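In: Make a model of this:
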Amino acid sequence: MPKAAAMKYYAVAVGRDAPNIYTSWDECSKKVSRYPKALHRSFKTKEEAERWLESKADITALYAPENLRSIARGTQSSPIPIGSDDGHQQEETPSTKQTVRSPSVDVSPPEPKVTLSPEQSKVFAKVKEGGNVFFTGSAGTGKSVLLREIIKLKRERHSFDAIAITASTGIAAINIGGVTLHSWAGIKLGDEPVEKFVKKVLYQKTLRPLLDRWRKVKTLIIDEISMVDASLFDYLEAIARALRGDDEPFGGIQLVLCGDFCQLPPVSGKDKKGQVVPARFAFEAKSWSSCIGLPMMLKKVFRQKDQTFANMLNEMRYGKMQESTVRIFKTLDRKVTYTDGIEPTELYPTRREVAGANSWRLERLTGEPQTYEAQDHRGVDHRGQTISYEKMIDLLDKLVAPKSLELKVGAQVMLIKNLRQGVLVNGSIGQVVDFSTPREAIESGTKIAEVESDKLHNQNSQNQNGKPNINPVTEEIFKHDWKWPVVKFTNGERLVITPVDFTINNGDGETVMARRLQLPLILAWALSVHKSQGQTLERVRVDLKRTFEKGQAYVALSRATNMDHLQVLNFAKEKYDPLSKCWNLTLTDMHRVMAHPMVLAWYGEHVRTAEQDFDIDEEEISAFNESHW
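Out: Numbers count the residues shown, from 1 in each chain. Down below sits the predicted model:
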């Protein structure tokens, strides 16, 4: 007789309902399937499941009512108590779902299926076959969209620990739902000799989870590879071979690398004597050629529908511009007027300049300020130990979501989470026009927004009373008269914005190291180039007289979707080269605008060969363009 399947217990710490233990996957999946940041695990005994749930009390407490109440500080006429700084409030779990009037919740249609272009499909197919890939392209060529589809494919096909989703920076990692490369690899600063690090991981019991992580992973995804230094790439490659006992390049791990070396470069480091060590690009690593073949180029530009503008950006990228391009760029040195009161976002090189510009604009507004204090919670490290308060602060300070957000009516803000695919997304600009309670929103017909990752994707998903289901955070705000900002976006839509969950995952990609509950908004009269990377901005203003690093000016200008909504001040001084019949920038302006010479030389050597190898049927491209543009 066939052996009976062993009983399993499915513990759900974060899901659609309060924390609970289920005895079937069908029951469990209803609570966690397609639920963002869902946290669950299966166990052989009920006792193990209960112990695990108890260990996640800090995380489940995130959705407790007092946490939302704390965020709304300053929006009430009477003082509201604030939780302790480290998030140790009384442990409560989300209450039973209440029925909410459907007009007040923004329940959108299912997320549209992504259709890949012929170029993107070639990359996708190679990844699907298990090949190592570095795909690149200019700004707006759909690198992020393709990467999300690759991540989706890998998640569907492999276990959680078989895929590592990483990026070179914290902001980039959060955008793809991953962790930083350093965090996943467990290398801290990466300054420990390879032999010493490997020996420590192999023989220290406390580092067993890290060893398992390196040995179980099948695919390593690295976004924004342009900011990974060559020495770090070689360092990780050597560690991979040693820990996995595999002499294949990178220990046999499939590599999926994404980025554009013409954009932001690696940050220069320092040696033990404190001397600056010039950064080297990842493609300069000794192990690069053995790990990665020719780059796969994405050339179809999606962000800029105007092909003339797209071509101008590419010319600027390489520092070789036709006379007509220079002339057009100089015509953009004019004021662009908008009738809805929402101004262009000005991009600055540094965070200090951004903070100063936004603070100055906010102070000029009249009216009572409303302050929203985030609720921060500690998670656990790779050993399952609760992280320190100092570590939590250090991690959460890297988030785009601020610890404290002060708003006034008239404040210009930007979404930092997707609300509706293709309509209101990360990067959408709006203006605070009011502060409203849920009751006031219902009476005025104003919708209450839900972030795309938190809402149910099925338009017909309803509770037993026939009303739309919503997430625990959205539910809780309907029980109280807390005031939240009403934002009018450039498309004319008005939405009440409420708190959402921001998390920093552990290196294993599953457990959470730190959480922040905050409004998905930041002030947006000004924004740093670094924070804008990968985003599409509707209205942009850039003053190139400011000090920009190599590639920064290109990143800034390429955030714009069209020239009508782009203002460029102090473009450049240039000299005409009769031999190339192009206008070359002066050395000073070239430094600000074009990519690093090493990058240009590398692309010049590899791109033509790569394009021949990456041949796309012209009929395929024409058919795609006719059906999608």
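In: tally of neighbours for the closest residue to E284 other than its chain neighbours?
Out: If you skip the residues right next to it in sequence, E284 has A230 as its closest partner in space, 4.2 Å away by Cβ to Cβ, 6 or more residues apart in numbering. From N, CA and C alone the C-beta is placed, and that goes for glycine too. Applying other Cβ atoms under 10 Å, we find 18 residues neighbouring A230.
In: ok, A230 - contacts?
Out: P266, R280, F281, A282, F283, E284, A285, K286, W288 (Cβ atoms under 8 Å, 6 or more residues apart in numbering).
In: Phi first, then psi, for it.
Out: Per-residue torsions, A230: phi -60, psi -40 (degrees, to the nearest 10).
In: any idea how far I497 is from the residue nearest to R494 when sequence neighbours are not counted?
Out: Once flanking residues are discounted, R494 sits nearest to K488: 4.9 Å by Cβ to Cβ, 6+ apart. Per Cβ to Cβ, to the nearest Å, K488 is found 11 Å from I497.
In: same question, T561
Out: 23 Å.
In: Of the two, which one has the most company?
Out: With neighbours defined as other Cβ under 10 Å, T561 and I497 compare such that I497 has more, 23 against 20.
In: Verify the contact between the more buried one and P485 for me.
Out: Yes. The criterion here is Cβ atoms under 8 Å, and I497 meets it with P485 at 5.3 Å.
In: Find me the pLDDT at K417, would you?
Out: Per-residue pLDDT puts K417 at 84.
In: Just say helix, strand or coil for it.
Out: Following DSSP: H, G, I helix; E, B strand; the rest coil, the label given to K417 is coil.
In: Return the backbone torsion pair for it.
Out: For K417, the backbone dihedrals (degrees, to the nearest 10) come out as phi -140, psi 150.
In: give me the number of residues near it?
Out: 24.
In: quick one: secondary structure of R41?
Out: R41 ends up strand, using three-state DSSP.
In: start the count at 102, not 1, going forward
Out: All right, first residue 102 from here; so that's R142.
In: beta partners for it?
Out: On the basis of DSSP bridges, R142 is bridged to A112.
In: mind checking how far it is from L311?
Out: 19 Å.
In: Mind checking which of these two has more residues around it?
Out: Under the neighbour definition other Cβ under 10 Å, R142 and L311 were set side by side, and L311 has more, 21 against 17.
In: mind checking which helix or strand the more buried one is in?
Out: In the assignment (DSSP states H and E), L311 maps to helix 309-317.
In: contacts for that helix?
Out: Residues outside helix 309-317 that contact it (Cβ under 8 Å, 6+ apart) are 260, 262-263, 265, 285-287, 302-303, 340-341, 344-345, 352, 483-484, 608-609.
In: one step back: shared neighbours of I598 and P586, anything?
Out: Taking Cβ under 8 Å, 6+ apart as the criterion, I598 and P586 both touch L620, L622.
In: Quick check, central residue of the chain?
Out: The residue lying closest to the centre of the chain (Cα atoms, centre = their mean) is N276, at 1.1 Å.
In: what about dumping the CA coordinates of the helix holding L311 to CSV?
Out: Extracted in CSV, the C-alpha atoms of helix 309-317 (Å, rounded to 0.1, in the frame of the first residue of the first chain):
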residue,chain,number,x,y,z
ARG,A,309,25.9,27.5,8.7
PRO,A,310,22.8,29.4,7.2
LEU,A,311,25.2,31.5,5.1
LEU,A,312,27.0,28.4,3.8
ASP,A,313,23.7,26.8,3.0
ARG,A,314,22.7,30.0,1.1
TRP,A,315,25.8,29.9,-1.1
ARG,A,316,25.4,26.2,-1.7
LYS,A,317,21.7,26.1,-2.4
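In: what distance separates it from the centre of its chain?
Out: Between the centre of helix 309-317 and the centre of its host chain there is 25 Å, according to Cα atoms, centre = their mean, to the nearest Å.
In: Report the buried residues of it.
Out: P310, L311, L312, R314, W315 (16 or more other Cβ atoms under 10 Å).
In: Kindly reformat these as TSV containing pLDDT.
Out: Formatted as TSV, those follow (pLDDT from 0 to 100):
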residue	pLDDT
P310	89
L311	92
L312	94
R314	93
W315	96
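In: Kindly reformat the residues you listed as CSV containing distance to S489.
Out: Output for these, formatted as CSV (distance: Cβ to Cβ, whole Å):
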residue, distance to S489
P310, 19
L311, 19
L312, 24
R314, 22
W315, 25
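In: Looking at the residues you listed, spot the one nearest E128.
Out: Nearest to E128 among the buried residues of helix 309-317, counting by Cβ to Cβ, is P310 at 28.8 Å.
In: What ranges in the stretch 402-551 of the chain fall below the confidence cut-off?
Out: 420, 483, 521-524, 551 (pLDDT under 70).
In: how does it look with 90?
Out: 402-428, 430-431, 436, 438-442, 450-453, 468, 479-501, 517-529, 538-551 (pLDDT under 90).
In: ditto for the stretch 102-251 of the chain
Out: In the stretch 102-251 of the chain (pLDDT under 90), the answer is 102-218, 238-243, 245-246.
In: could you pull out the strands for it?
Out: Along the stretch 102-251 of the chain, counting by DSSP state E, counting those that start in this stretch, strands occupy 110-115, 121-123, 140-144, 234-238.
In: want to throw these into JSON lines with distance to H697?
Out: What follows is the strands of the stretch 102-251 of the chain, written out as JSON lines (distance: least, Cβ to Cβ, whole Å):
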{"stretch": "strand 110-115", "distance to H697": "43"}
{"stretch": "strand 121-123", "distance to H697": "54"}
{"stretch": "strand 140-144", "distance to H697": "42"}
{"stretch": "strand 234-238", "distance to H697": "15"}
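In: now for the ones you listed, which one comes closest to C363?
Out: Closest to C363 of the strands of the stretch 102-251 of the chain, according to Cβ to Cβ: strand 234-238, at 8.6 Å.
In: Now do that closest one: which elements does it pack against?
Out: When contacts are defined as 3 or more Cβ pairs under 8 Å, 6 or more residues apart in numbering; DSSP states H and E, strand 234-238 sits against helix 219-229, helix 244-258, strand 355-359, strand 397-399.
In: who does it pair up with?
Out: When DSSP bridges is applied, strand 234-238 pairs with strand 355-359 (parallel), strand 397-399 (parallel).
In: And the average pLDDT for the shortest one is what?
Out: Right, the one you point to is strand 397-399. For strand 397-399, the per-residue pLDDT averages 90.
In: How about stretch 635-642?
Out: On average, stretch 635-642 scores 86.
In: Repeat that for stretch 703-713.
Out: Taken as a whole, stretch 703-713 has an average pLDDT of 66.
In: Throw together a ChimeraX command that grabs the buried residues out of the contacts of A331.
Out: To isolate the buried ones among these in ChimeraX, judged by 16+ other Cβ under 10 Å, type:
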select :367,381,382,383,384,385,386,389
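In: how about the contacts of A331, which pair is most distant?
Out: The distance between the two most remote of the contacts of A331 (Cβ to Cβ) is 15.8 Å, for P367 and K387.
In: returning to what we had before: I'd like the strands paired with strand 234-238 laid out as CSV, including distance to Y449.
Out: CSV is the format used below for the strands paired with strand 234-238 (distance: least, Cβ to Cβ, whole Å):
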stretch, distance to Y449
strand 355-359, 26
strand 397-399, 28
